[in-house]
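Enquirer: 3D, please:
(chains A, B, C and D)
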Number of protein chains: 2
Amino acid sequence: MSTAPTVYDVAERSGVSIATVSRVYRNPDSVRAQTRERVLAAARDLGYVPSGNARGLASRSTGVLGLCFPDYADPDTDAEDDDAAMLYSDQIIRGMERAARRHGYALLIAASLKGGPESLVAKVAGRVDGFAVMARTVPTEELEGISRRRPVVMLAGPREEGDHLDHLDHIEVANYDGQRELTRHLIEDHGLRRLAFVGSAEESPDVEARFQGFLAACRAADVDAPEEPAVRAAMMTQAEGARAADALCGRADGPPQALVCANDQMAVGALHALERRGLTVPDDVAVTGFDGIPLGRLVRPTLTTVRQPMLRMGEEAVELLVRRLSGTPGSDPVSLMLPVTVARRASCGCGPEERSAVAIGA
Amino acid sequence: MSTAPTVYDVAERSGVSIATVSRVYRNPDSVRAQTRERVLAAARDLGYVPSGNARGLASRSTGVLGLCFPDYADPDTDAEDDDAAMLYSDQIIRGMERAARRHGYALLIAASLKGGPESLVAKVAGRVDGFAVMARTVPTEELEGISRRRPVVMLAGPREEGDHLDHLDHIEVANYDGQRELTRHLIEDHGLRRLAFVGSAEESPDVEARFQGFLAACRAADVDAPEEPAVRAAMMTQAEGARAADALCGRADGPPQALVCANDQMAVGALHALERRGLTVPDDVAVTGFDGIPLGRLVRPTLTTVRQPMLRMGEEAVELLVRRLSGTPGSDPVSLMLPVTVARRASCGCGPEERSAVAIGA
DNA sequence: GCGCATTCTGTAAGCGCATACATGACTCTG
DNA sequence: CAGAGTCATGTATGCGCTTACAGAATGCGC
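Expert: Numbering: from 1, shown residues only, chains lettered A, B, ... in the order given. Predicted structure coming up:
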């Protein structure tokens, strides 16, 4: 692990100048075949690997795209169960990696640390040509600054409204339409009328949009539409989902007929809590989630949910970045809305087999 | 997207030298609070983001670890089904990302392109402080060269034997012990005696080790142990698994009692093929896989398999790299063997509920 | 108010590569 | 065989930052 060889070493060993060594890698055809072979041989002997840093510095580009995502680790998830630990950021990663590869980019990923998220973005932003950020991982204001210098696309978050609307590119999913359709399904197809929405305490535009979709479906069907979510969970984890379910069961008028959760994690938690209380899902209480994480298909009953097209979201993010990197810089910020699908599974009363689902929204 | 601001711009704007700007980021305490604030304010105004390339070049380290993995995309997998597309490289990624984050590193990932794998490694190797490579993604010889200059750990592949044993660090899994235990289970607990092993045509030490474990269990129980795998699939995909199952069913003596597949993908393909032929799994034929991909729990019957600890493998890889990066450089190459677990599910006849499984090997 | 220790800040020299430009070696044309 | 045109290679500069080292500022004791 002695000090690594550089172009200078390779140049000396093969009797050429460093410019020629550089050309061998950047533009092989511009070097005579014989010379090229000599250089490559020397490089091989030395174990030479071009420094990405130096190359990037000199050429002003890295060939790397980035992704910042929140640390979604749910402490409730059984650490032994690898499958259950797969959340949807993994699917975005996979989608981005695939698309990035097609365009000749590598992918740099980093989850926000509790320490200081600022260092996170800076670290990633400084090493990539452009990057995607999952909503609410990083203050929008900070992203605004960065996006003046390089492309940034926000995933699964709406553009900021009002005075300070941001200028980032966005890729959203049809939260409103998806939740409305799912709620409509509960009301019309299963005849449920006492529905409780489990939201989150922290401000989240996604959760808010889902709640509004929920309300819209209630109103359309003349079902009691509460002003507020029945519960606002402190965090959107299984433990909080369980707590929410317990709270709702303890109410004077008994549990609602359906528990409409703002994400799958909480829904799974609710499932467990209801089971512990001796209630049967979906016969006593229906439960639904949102997101479409793999775990939703592993629990029993399988979880009815609204599936987000995570893979595609990752791919679209890369396409957007690539377009920005090669295109006219001045163009206006883009907002792409991706459709979701309602996955009707067992927890709403649709039986064990997953029903075919259609795209909603966008 | 005008040209990005640099330390020089920030220095000028805040009336200090570039060295002070640099110190504000690298070593904040060494700058008087008042000066620091001025610099940070200027940086904010300008939308300054330190260049990772320049920093890396000057400081000779990147703060990034890497992972190269093969492009495992199985063309048979329903592209619409995101969950099924999650293969085990995703879990390694997640494991590495977590561990890397704990140590203050980001993670750079890249799958090998069909084009030229050499460019892949070079690209990654040049941009990271150290990296992991999944076995058979990159020629060992090339890795050898690179590993002279920076830490490289090979995942899920044994050290090269014989004349050219490599000097890389390795993290392996207990292929042999796992497959032997699973096979023993089929023979002793389910009383099966006519077993067929579905291997792969390409040379793979993993598959070979699994086959040897299979043989060992057969011999130990006095069951016919074939010299060769019953089928050597061209690729380890679902399509090839299905083809293998069909081939075995077409034999004169009828299908075997159990189809022991070298990986889950093929096992799932076999499951489908058997179903198409009207055979019932596990009653007519038992089927087993290897790996423990999420898909194995989604298919019916659920797939009995040997689960590899992918998350942990990713974490251990990072720990190893970090140790190398901060430690005594001269130490000998390490080989870490991780235990596997036999997941007894429905496809071997163990019933729908997954049985508790114990660690095997290592 | 002086000398000295202690902070704080500036100066300058690279880090390893890409690349514009200059140079040299040939080939071709007339 | 001179001059123009090609192609292969070398020279020199700078990309934006870190980091010795040197120098200025500040604090302290007496």
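Enquirer: what are the ranges of the helices in the stretch 251-362 of chain A?
Expert: Taking DSSP state H, counting those that start in this stretch to define them, one finds helices in the stretch 251-362 of chain A at A:264-276, A:295-298, A:310-326.
Enquirer: gap between A:Glu319 and A:Met96?
Expert: Note on A:Glu319: its distance to A:Met96, by Cβ to Cβ, to the nearest Å, is 10 Å. Every C-beta, even on glycine, is put in place using the N, C-alpha and C of the backbone.
Enquirer: and what of A:Ala132?
Expert: A:Ala132 sits 7 Å away from A:Met96, going by Cβ to Cβ.
Enquirer: who has more neighbours out of A:Glu319 and A:Met96?
Expert: A:Met96 (28 against 17; other Cβ atoms under 10 Å in any protein chain shown).
Enquirer: in contact with the closest residue to that one other than its chain neighbours, which residues?
Expert: Distances taken as Cβ to Cβ, 6 or more residues apart in numbering or on different chains put A:Gly314 closest to A:Met96, at 3.8 Å, once the chain neighbours are dropped. Residues in contact with A:Gly314 (Cβ atoms under 8 Å, 6 or more residues apart in numbering or on different chains) are A:Leu67, A:Gln91, A:Ile92, A:Ile93, A:Arg94, A:Gly95, A:Met96, A:Glu97, A:Arg98, A:Ala99, A:Ala132.
Enquirer: what about the fifth one, which helix or strand?
Expert: The reference is to A:Arg94. If you go by DSSP states H and E, A:Arg94 is part of helix A:88-102.
Enquirer: what's in contact with that helix?
Expert: Residues from elsewhere that reach helix A:88-102, judged by Cβ under 8 Å, 6+ apart: A:65, A:67, A:69-70, A:72, A:106-107, A:109, A:111, A:132, A:134, A:155, A:291-293, A:308, A:310-315, A:317-319, B:71, B:73, B:82, B:85-86, B:90, B:93-94, B:109-111, B:113.
Enquirer: return the set of buried residues in it.
Expert: Buried residues in helix A:88-102, counted by 16 or more other Cβ atoms under 10 Å in any protein chain shown: A:88-101.
Enquirer: quick check, nearest of those residues to A:Gly213?
Expert: Closest approach to A:Gly213 among the buried residues of helix A:88-102 (Cβ to Cβ): A:Tyr88, at 18.9 Å.
Enquirer: any idea how far the closest one is from A:Val358?
Expert: A:Tyr88 sits at a distance of 20 Å from A:Val358 (criterion: Cβ to Cβ).
Enquirer: now swap in A:Ala239 and tell me
Expert: Applying Cβ to Cβ, the value for A:Ala239 to A:Val358 is 33 Å.
Enquirer: which one's more surrounded, the two?
Expert: A:Ala239 (18 against 9).
Enquirer: now A:Asp9: closest residue in space, sequence neighbours ignored.
Expert: Spatial nearest neighbour of A:Asp9, chain neighbours left out: A:Leu46 (5.7 Å); criterion: Cβ to Cβ, 6+ apart.
Enquirer: contact partners for that neighbour?
Expert: Taking Cβ under 8 Å, 6+ apart, we find A:Leu46 in contact with A:Pro5, A:Asp9, A:Val10, A:Arg13.
Enquirer: where do the strands sit along the stretch 151-300 of chain A?
Expert: For the stretch 151-300 of chain A, strands defined by DSSP state E, counting those that start in this stretch occupy the ranges A:152-155, A:169-173, A:195-200, A:231-233, A:258-261, A:286-288.
Enquirer: ok, back up a step: between A:Ala132 and A:Met96, what contacts are shared?
Expert: Here A:Ala132 and A:Met96 have A:Leu65, A:Leu67, A:Gly314, A:Ala317, A:Val318 as joint contacts, going by Cβ under 8 Å, 6+ apart.
Enquirer: tell me which of the contacts of A:Gly314 is nearest to A:Arg194?
Expert: A:Gln91 (33.9 Å).
Enquirer: can you give me phi and psi for A:Val64?
Expert: Main-chain dihedrals, A:Val64, degrees, to the nearest 10: phi -130, psi 140.
Enquirer: what about it, how many residues nearby?
Expert: 25.
Enquirer: next one: A:Ile18
Expert: 14.
Enquirer: residues in contact with it?
Expert: A:Val7, A:Tyr8, A:Val10, A:Ala11 are the contacts of A:Ile18 under Cβ under 8 Å, 6+ apart.
Enquirer: tell me who's in contact with A:Pro50.
Expert: The contact partners of A:Pro50, by Cβ under 8 Å, 6+ apart, come to A:Val7, A:Tyr25, B:Ala122, B:Gly126.
Enquirer: I'd guessed A:Pro151 sits against A:Arg324; true?
Expert: Yes: counting by Cβ atoms under 8 Å, A:Pro151 touches A:Arg324, with 3.8 Å between them.
Enquirer: and for these two, which residues touch both?
Expert: By Cβ under 8 Å, 6+ apart, A:Pro151 and A:Arg324 have these common neighbours: A:Gly130, A:Asp169.
Enquirer: how about the contacts made by A:Tyr48?
Expert: With contact taken as Cβ under 8 Å, 6+ apart, A:Tyr48 is in contact with A:Ala4, A:Pro5, A:Thr6, A:Asp9, A:Val10, A:Ala42.
Enquirer: return the set of buried residues in stretch A:45-62.
Expert: A:46-57, A:62.
Enquirer: same deal with stretch A:197-206?
Expert: A:Phe197, A:Val198, A:Gly199, A:Ser200, A:Ser204, A:Pro205, A:Asp206.
Enquirer: stretch A:189-198 now?
Expert: Within stretch A:189-198, judged by 16+ other Cβ under 10 Å, the buried ones are A:His190, A:Leu192, A:Leu195, A:Ala196, A:Phe197, A:Val198.
Enquirer: can you list contacts of it?
Expert: For stretch A:189-198, the surrounding residues in contact (Cβ under 8 Å, 6+ apart) are A:183, A:186-187, A:211, A:214, A:218, A:223-224, A:226, A:229-231, A:233, A:241, A:244-245, A:248, A:256-262, A:266, A:270, A:282, A:286, A:348-349.
Enquirer: before we move on, what about stretch A:348-360?
Expert: A:174, A:177-178, A:181, A:185-186, A:190, A:258, A:282-283, A:286-288, A:297, A:301-302, A:304, A:306-307, A:339-346.
Enquirer: please redo it, this time with the cut-off set to 7 Å
Expert: By Cβ atoms under 7 Å, 6 or more residues apart in numbering or on different chains, the surrounding residues in contact with stretch A:348-360 are A:174, A:177-178, A:181, A:186, A:190, A:282, A:286, A:288, A:302, A:304, A:339-346.
Enquirer: average pLDDT for it?
Expert: Averaged across stretch A:348-360, pLDDT comes to 79.
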